[in-house]
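> Return atomic coordinates for the entry below.
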Amino acid sequence: MSRSWKWTLGSILALLVIAFAGLSFMAGSPKDVYWMVRYAFPHMHRGKLRTGDDAPDVKLLALDGANRFHLRERTGAKPLVVVFGSYT
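Down below sits the predicted model:
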């Protein structure tokens, strides 16, 4: 293997290690990076909802961690506001 190929492969490997370390620091742990890459990135896309559209029905995991339910089962015809944010 030529010297330039070794440097190229070494540089790529070093960049991958640095990227993984940076993601681990931002996500909290290497395990969290795995789950972020496994589940979040493939599903990132621009949505098609517009102002005034009905929200899609979603299946959620209950707080006990074992049961699942559809959101519309709990809200019925009542309006629902979901706020994604931090209160700390």
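
> just for the chain, where's the confidence low?
42-43, 88 (pLDDT under 70).

> All the helices of it, in order from the start?
3-27, 30-35, 71-75 (DSSP state H).

> And those helices: which comes nearest residue 49?
helix 71-75 (14.7 Å; C-beta to C-beta). Any C-beta I mention is one placed from the backbone N, CA and C, and that applies to glycine too.

> Put the alpha carbons of the closest one into PDB.
Taking Å, rounded to 0.1, in the frame of the first residue of the first chain, the C-alpha atoms of helix 71-75 are listed here in PDB:
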ATOM      1  CA  LEU A  71     -53.500  10.100  21.300                       C
ATOM      2  CA  ARG A  72     -57.000  10.500  20.000                       C
ATOM      3  CA  GLU A  73     -58.300   7.900  22.500                       C
ATOM      4  CA  ARG A  74     -57.300  10.300  25.400                       C
ATOM      5  CA  THR A  75     -58.300  13.600  23.900                       C
END
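
> In it, which residues are buried?
For helix 71-75, a neighbour-count test (16 or more other C-beta atoms under 10 Å) marks nothing as buried.

> before we move on, the earlier item: can you say which of the helices of the chain is nearest to residue 84?
helix 71-75 (14.5 Å).

> what's in contact with that closest one?
Helix 71-75 is contacted from outside by 55, 57, 58, 59, 60, 80, using C-beta atoms under 8 Å, 6 or more residues apart in numbering.

> now do stretch 39-51
With C-beta under 8 Å, 6+ apart as the criterion, stretch 39-51 contacts 55, 56.

> rewinding a little: greatest separation within the contacts of helix 71-75: which pair is it?
59 and 80 (15.0 Å).

> picking up where we left off before, may I see the helices of the chain organised as a markdown table, with distance to residue 65 added?
Shown next, in a markdown table, are the helices of the chain (distance: least, C-beta to C-beta, whole Å):
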| stretch | distance to residue 65 |
| --- | --- |
| helix 3-27 | 21 |
| helix 30-35 | 16 |
| helix 71-75 | 17 |
